[in-house]
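J.: show me how the following folds:
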Amino acid sequence: MKRLLIVTDFYSPENCIAAVRPTKISKYINQTGMYEVTVISKKLHENIKDYESEKDTTGVNVVRIGSWGFTEYIRRSVFSKKKNNNNKSIENDSKPQKGSNSKIKEYLVIFFEVLENFGLAYHANRYLKKKNVNYDYIFSTYGQFSPHLIAKRYKKDNPKAKWIADFRDSVMQEGMPEFFNSFCKIYSKMIVSSADIITAVSNGVIDTLPITKSNSFVISNGFDEEDLPSTTKAINTKLTFTYTGSVYKGKRDLSYFFKAISELSKSRKLNLNNIIIKYAGDGFNYFYDQALQFGLDGVINDCGYMSRSESLRLQFASDILLLASWNTNGATGILTGKFYEYLLMRKPIICCISGELPESTLKTYIHGGSFGVCFEEASKDDDYEMLMNYINEIYNEFINNGEIKESYNEDYVKQFDYKYIARKLLSIFESSDNNWK
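T.: Purely as a prediction, here's the structure:
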């Protein structure tokens, strides 16, 4: 039996979308019975735990590693007071940073997170050296810096091991200080030049990496059919729109959706008494303000912060699922993890993309799979009418039939099933030697 080491910053039962990818990959590779799977991840901290997801780790050897003692203390004492559900503490702020004090605070947070990651890497490498296990494959996934640093050191000490460096997010982030982006460029070049194979969630993320070799593959995020809630399908008396996750000012913006609802109401094509818009997650005030701008505060329902399992049940009980993302010159190929959860539900998706670039990856997927409609700010002259017509059609279908018929292209959607994704990754592991350095 071959040995596989997965190195990740987040892993079940951490209640965040970043934990899903490594958890599901380890689950389905382990189920083949061909690999002995070990996962190294950081200690669980302040996030609410989703213990229902722990069933996915059955048979997997999970090792939890801590950072420096003083960073552990700071995280417990300071950062535990602030939820960090998407694992990007700077991006979570819905208000722009202004003033010298905010800049100093921002720099301190960056410094702390980098220092913490180096501490995680140091302690993980000490653990691996002490255990002295010979792994055949290493799969490290980026969301924070430590996983690739751990894998790089292991590869140096064990050159026969085959290392796949995975990027579930782009290393370069818009709006970050120049010194930080310079560090990210050096980091990216170091990892790409050292790994045997590069994988990423989209071509857009691959395009941001300094790749000069043909050793890169797209391994998308996905959904797990076994996560589908077992509850009976809800019969709603009102057309129920639901948004789950977080919103960021200037990035995840649903203003055009609210505008379309408002205009349909004013033209008497839609009765506001027949709809409800639910929100579950952080950043509710920003979401509410968008709705208030168009006089829709009366149809908004704040469901609060939920575990992932609770969020899945809420999605399952809804009629239409709302999604928001961005596509800009500095950030392309953004594929929020919520998109894949929504695919599991087979519910219509209404997506709004902010930014100056048209033809986003999300739009390609949503329209290609008949998942719903995707409005892009960059193509608003054409897309807004399309958005209005789509909402009008599904509203009328609900009023006339009491439900909305599923329209997904099942052949298209299968590519996002984690069973298929795990098989694709295994084929990379087992590829011929000429794929490796």
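J.: low-confidence ranges in the stretch 201-350 of the chain?
T.: 213, 250, 333 (pLDDT under 70).
J.: can you tell me the helix or strand for residue 138?
T.: Residue 138 belongs to strand 137-142 when assigned by DSSP states H and E.
J.: then residue 419?
T.: helix 418-429.
J.: that helix - contacts with which helices or strands?
T.: helix 20-30, strand 162-167, strand 197-200 (3 or more Cβ pairs under 8 Å, 6 or more residues apart in numbering; DSSP states H and E). (C-beta placed from N, C-alpha, C; glycine too.)
J.: return the distance of the longest one from the chain's centre.
T.: What separates the centre of helix 20-30 from the centre of its chain is 15 Å, taken as Cα atoms, centre = their mean, to the nearest Å.
J.: what's the answer for the shortest one, then?
T.: Averaging C-alpha coordinates over strand 197-200 and over its chain gives two centres that are 17 Å apart (Cα atoms, centre = their mean).
J.: nearest residue to the residue sitting nearest the centre point of the chain in space, please, no chain neighbours.
T.: Centroid check for the chain by Cα atoms, centre = their mean gives residue 337 as the closest residue, at 3.1 Å. Nearest non-adjacent residue to residue 337, counting by Cβ to Cβ, 6 or more residues apart in numbering: residue 17, 3.6 Å away.
J.: surely the one you found touches residue 339?
T.: No - using Cβ atoms under 8 Å, residue 17 makes no contact with residue 339, being 10.1 Å away.
J.: can you give me phi and psi for the residue nearest to residue 337?
T.: phi -60, psi -30 (degrees, to the nearest 10).
J.: what residues are up against residue 118?
T.: Residues in contact with residue 118 (Cβ atoms under 8 Å, 6 or more residues apart in numbering) are 145-146, 149.
J.: out of those residues, which is most surrounded?
T.: residue 146 (30 neighbours; other Cβ atoms under 10 Å).
J.: how about that residue, phi and psi?
T.: Torsion angles, degrees, to the nearest 10, at residue 146: phi -60, psi -40.
J.: could you do residue 320 as well?
T.: phi -140, psi 140.
J.: for it, what are its contacts?
T.: 239-242, 347-350, 372, 394, 404.
J.: before we move on, back to that, can you tell me how far the residue nearest to the centre of the chain is from residue 398?
T.: Using Cβ to Cβ, to the nearest Å, residue 337 is found at 27 Å from residue 398.
J.: so what's residue 124 up against?
T.: 7, 40, 65, 146, 150 are the contacts of residue 124 under Cβ under 8 Å, 6+ apart.
J.: quick check: the gap between the fourth one and residue 169.
T.: With the distance defined as Cβ to Cβ, residue 146 ends up 14 Å from residue 169.
J.: the helices in the stretch 151-300 of the chain, which residues?
T.: 178-194, 203-207, 255-266, 284-292 (DSSP state H, counting those that start in this stretch).
J.: show me what counts as buried in the longest one.
T.: In this case it means helix 178-194. 180, 183-184, 187-188, 191-192, 194 (16 or more other Cβ atoms under 10 Å).
J.: in helices, which of the contacts of residue 124 fall?
T.: If you go by DSSP state H, the contacts of residue 124 have 146, 150 in helices.
J.: for the contacts of residue 124, give me a markdown table that also has pLDDT.
T.: Converted to a markdown table, the contacts of residue 124 look like this (pLDDT from 0 to 100):
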| residue | pLDDT |
| --- | --- |
| 7 | 99 |
| 40 | 99 |
| 65 | 96 |
| 146 | 98 |
| 150 | 99 |
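J.: out of the contacts of residue 124, the closest to residue 292 would be?
T.: residue 146 (41.0 Å; Cβ to Cβ).
J.: so that closest one sits against residue 113, correct?
T.: No - with contact defined as Cβ under 8 Å, residue 146 does not count as touching residue 113 (10.0 Å).
J.: you'd agree residue 24 is up against residue 222?
T.: Yes - between residue 24 and residue 222 there is a contact at 7.0 Å, judged by Cβ under 8 Å.
J.: and residue 157, how many residues sit next to it?
T.: Neighbours of residue 157 using other Cβ under 10 Å come to 12.
J.: so who does it touch?
T.: residue 129.
J.: any idea how far residue 63 is from it?
T.: Residue 157 is 17 Å from residue 63, by Cβ to Cβ.
J.: repeat for residue 426
T.: For residue 426 relative to residue 63 (Cβ to Cβ), the value is 22 Å.
J.: of the two, which one has the most company?
T.: Higher neighbour count among residue 426 and residue 63: residue 426, with 18 against 15, using other Cβ under 10 Å.
J.: before we move on, back to that, just so I know, which of the helices and strands packed on helix 418-429 lies nearest residue 134?
T.: Once those are compared by Cβ to Cβ, strand 162-167 is nearest, at 12.0 Å.
J.: the closest one - contacts with which helices or strands?
T.: strand 137-142, helix 146-157, helix 178-194, strand 197-200, helix 418-429.
J.: now do stretch 321-341: distance to the chain's middle.
T.: 8 Å.
J.: so where do the strands sit in the stretch 201-350 of the chain?
T.: 216-218, 239-244, 275-280, 300-304, 320-326, 349-354 (DSSP state E, counting those that start in this stretch).
J.: closest to residue 286 out of the ones you listed?
T.: Here strand 275-280 is closest among the strands of the stretch 201-350 of the chain (Cβ to Cβ), at 10.1 Å.
J.: what does that closest one contact?
T.: With Cβ under 8 Å, 6+ apart, strand 275-280 has contacts from 238-245, 261, 287-288, 291, 296, 299-306, 310-311, 314, 318, 322, 395.
J.: pull out the buried members of those residues.
T.: Here, 16+ other Cβ under 10 Å leaves 239-245, 261, 287-288, 291, 296, 299-300, 303, 305-306, 310-311, 314, 318, 322, 395 buried among those.
J.: ok, longest helix in the protein?
T.: helix 99-131.
J.: would you mind listing the buried residues in it?
T.: In helix 99-131, counting by 16+ other Cβ under 10 Å, buried: 106, 110, 112-114, 116-125, 128.
J.: which of those residues sits closest to residue 356?
T.: Distances from residue 356 to those, taken by Cβ to Cβ, are shortest for residue 106, at 24.6 Å.
J.: what about that closest one, distance to residue 341?
T.: From residue 106 to residue 341 the distance is 30 Å (Cβ to Cβ).
J.: for residue 123, same thing?
T.: 33 Å.
J.: kindly report the same for residue 390.
T.: From residue 390 to residue 341 the distance is 21 Å (Cβ to Cβ).
J.: okay, these two: which has more neighbours?
T.: Comparing residue 390 with residue 341 by other Cβ under 10 Å, the one with more neighbours is residue 341, at 24 against 18.
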